[in-house]
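1. Provided below are the primary sequence and the corresponding predicted coordinates.
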Amino acid sequence: MADRQDVGMILISIGFVVVVGGAAGMFYLRQTMNQATPTPVTPYGRAMPNQNPAWTWTSPDQDQINQYTAELEADPSSFSALLGRAEARRRTLNYQAALDDYNSALQLDPLSLEALRGRAKVRMIWGDHDLALQDLTTVVQSAAATSDDYAARANINMQLGNFAEAVTDYDTALDLDPTNINHVRQRAWVALSAGQYEQAVDDYSRMLEFDPDEPHARHSRGFAKFHLRDYDGAIKDLRRAVRMSPNNARMHADLAQMLHADGRLKDAMKQADRAVDLQQFSEIRGFWVRAQLHRDSGRFDAALEDLESALRWEPKSTFLHREQAWVHWAKGDHDAAIAPFTKAAELAPSDMYGHLGLGVMYYHLGRWGDAQASLRRAIDVADEPADYAHFYLYLSDARAGDRAGAEALMAAYAQDREPIRDGDWPGRIVAFLVSELSEGELLEAARVPAEQPAIERLCEAHFYIGSLRLIESDRDGAVQAFRQCIEQGATSFYEHHSARSELRALGEDL
């Protein structure tokens, strides 16, 4: 089982500028909204100085507000005046007053698309995403809905984390306006965030047809190709992105990670070094990518030094603490790995992976009770399938001498778990542990072409085969299986490092 936070860290690095910029904007808007309504205001919503100059200037929007207010004094039920004043107030950042006017207009005409669109914009600024989504859902249900309406709803869905729904909305927006490159750009980013990598590759390719030298599209397409395991294509895109933006530390770091995944360690190290040299204040990606390269090259002290440098910038990063633990684990020092895994679990108590790593360390130290407690905690807090926590809990129970309890645990989990589907590799391990598959059948299933490379499935298969052989006192058979596990080279997998731990415990050379 691989540590899956690498994906999130790369997405964060690609979206950093957008997120930070958006957060800064929201902070400014919130500060503005928390103040008393400024009267009069500038076009930017700031209160005019409290002075009485010989002349008076008002913005065109303020002139409109005054005009609409006069109309409403004469006719309070004038829909056009309410809507016009709401729009003008929104442009002057007087959001509460704008919202009041939109609400009044919608009382007169509940299906007014203009009022619903405007109110959705205000609600988005306020952070009321669910209510904004309701307004735009009403808009897109109208026959008069435009591609921009679907794009606006897609943006809200993206803010809510509804990435699949956002992609669907952009699909419709592009059906209505096929040449809108902004919709293509947004759908590409959302598809990337949703893990729809083929769609992301297609959209970034369309963008690059307009501008082949756009470095961020190259970078993002390379990232999508990387997750489709098209390493040659990913590296080609990242090399070109680096040539176009030679001083971008993140691009060098991402290229280093892709070269690492393709086994080109020397070239990867050059890119990681360059990323570290270039990175600016609070950028850590170069450090942790280089740390992984040092770790897999056996330079454990250098890896720990890089992670310490990264932690000085991000001391509360659970990912970095877990990476630190992995280096100690790769080094064979399980005791030293306990502290960073514990820190990760303390920083993010609802994150399964800190508890899982801690449980695995206790497992390799033979502290069965502590292992069982941490693994059960991982299962309790998991918001995704906790197959591997169950597998290690099974092994902990069995190694502690309760083979019957271990088998009862796995049998109950097999019954409660979703039925095994095509492509469900962890389900094959479940079947093996409950004796529904033989060793040969498990290895045969590992070799079946699938999204996950066979070497990763074979690494896992050999580890669990070796673990059961060890439980059954077949030392030589266990050693053979553990060696076959590490020979696969899946160094980002728990099972790879666990097999190395077992070989050390058995007194075998690595």
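-> Right, received. Where do you want to start?
2. low-confidence stretches in the protein?
-> Residues of the chain that meet the criterion pLDDT under 70 lie in 2-58, 281-282.
3. try 80 this time
-> 1-59, 280-283, 449-452 (pLDDT under 80).
4. pretty sure residue 423 is in a strand, no?
-> No: counting by DSSP: H, G, I helix; E, B strand; the rest coil, residue 423 is not part of a strand but coil.
5. what's the burial count for it?
-> By the criterion of other Cβ atoms under 10 Å, residue 423 has 11 neighbours. Using the backbone N, CA and C atoms, a C-beta is placed for each residue, glycine as well.
6. once you drop chain neighbours, what's closest to it?
-> residue 450 (5.6 Å; Cβ to Cβ, 6 or more residues apart in numbering).
7. need the contact list for that neighbour.
-> Counting by Cβ atoms under 8 Å, 6 or more residues apart in numbering, residue 450 touches 423, 425, 457.
8. quick one: buried residues of the helix or strand containing residue 191?
-> Here residue 191, judged by DSSP states H and E, is contained in helix 181-194. With burial defined by 16 or more other Cβ atoms under 10 Å, the residues of helix 181-194 counted as buried are 183, 184, 185, 186, 187, 188, 189, 190, 191, 192, 193, 194.
9. looking at those, which one is closest to residue 341?
-> residue 193 (28.1 Å; Cβ to Cβ).
10. gap between that closest one and residue 187?
-> 11 Å (Cβ to Cβ, to the nearest Å).
11. likewise residue 155?
-> Here residue 155 is placed at a distance of 11 Å from residue 187 (Cβ to Cβ).
12. now swap in residue 212 and tell me
-> From residue 212 across to residue 187, the span is 20 Å (Cβ to Cβ).
13. next one: residue 266
-> 38 Å.
14. residues in contact with residue 256?
-> Taking Cβ under 8 Å, 6+ apart, one finds 268, 269, 271, 272, 275, 286, 289, 290, 293 in contact with residue 256.
15. buried ones among the residues you listed?
-> Buried among the contacts of residue 256 by 16+ other Cβ under 10 Å: 268, 269, 271, 272, 275, 286, 289, 290, 293.
16. nearest spatial neighbour of residue 102, skipping sequence neighbours?
-> The shortest distance from residue 102 to any non-neighbouring residue, by Cβ to Cβ, 6+ apart, is to residue 119 (4.0 Å).
17. just the buried positions in the strand or helix carrying that neighbour, please.
-> Using DSSP H and E, residue 119 falls within helix 113-126. Within helix 113-126, the residues that count as buried by 16+ other Cβ under 10 Å are 113-126.
18. then stretch 199-212?
-> For stretch 199-212, using 16+ other Cβ under 10 Å, the buried residues are 199, 200, 201, 202, 203, 204, 206, 207, 208.
19. what's the spacing between the fifth one and residue 185?
-> Taking Cβ to Cβ as the criterion, residue 203 is separated from residue 185 by 8 Å.
20. where do the contact lists of the two overlap?
-> Between them, residue 203 and residue 185 share no contacting residue, judged by Cβ under 8 Å, 6+ apart.
21. closest one to residue 147 out of the contacts of residue 450, please.
-> residue 423 (35.3 Å).
22. was I right to think residue 102 contacts residue 120?
-> No: using Cβ atoms under 8 Å, residue 102 makes no contact with residue 120, being 9.2 Å away.
23. could you pull out the helices for the stretch 351-500 of the chain?
-> Listed in chain order, the helices of the stretch 351-500 of the chain (DSSP state H, counting those that start in this stretch) span 352-364, 368-381, 387-399, 403-416, 425-433, 439-447, 454-471, 475-487, 494-505.
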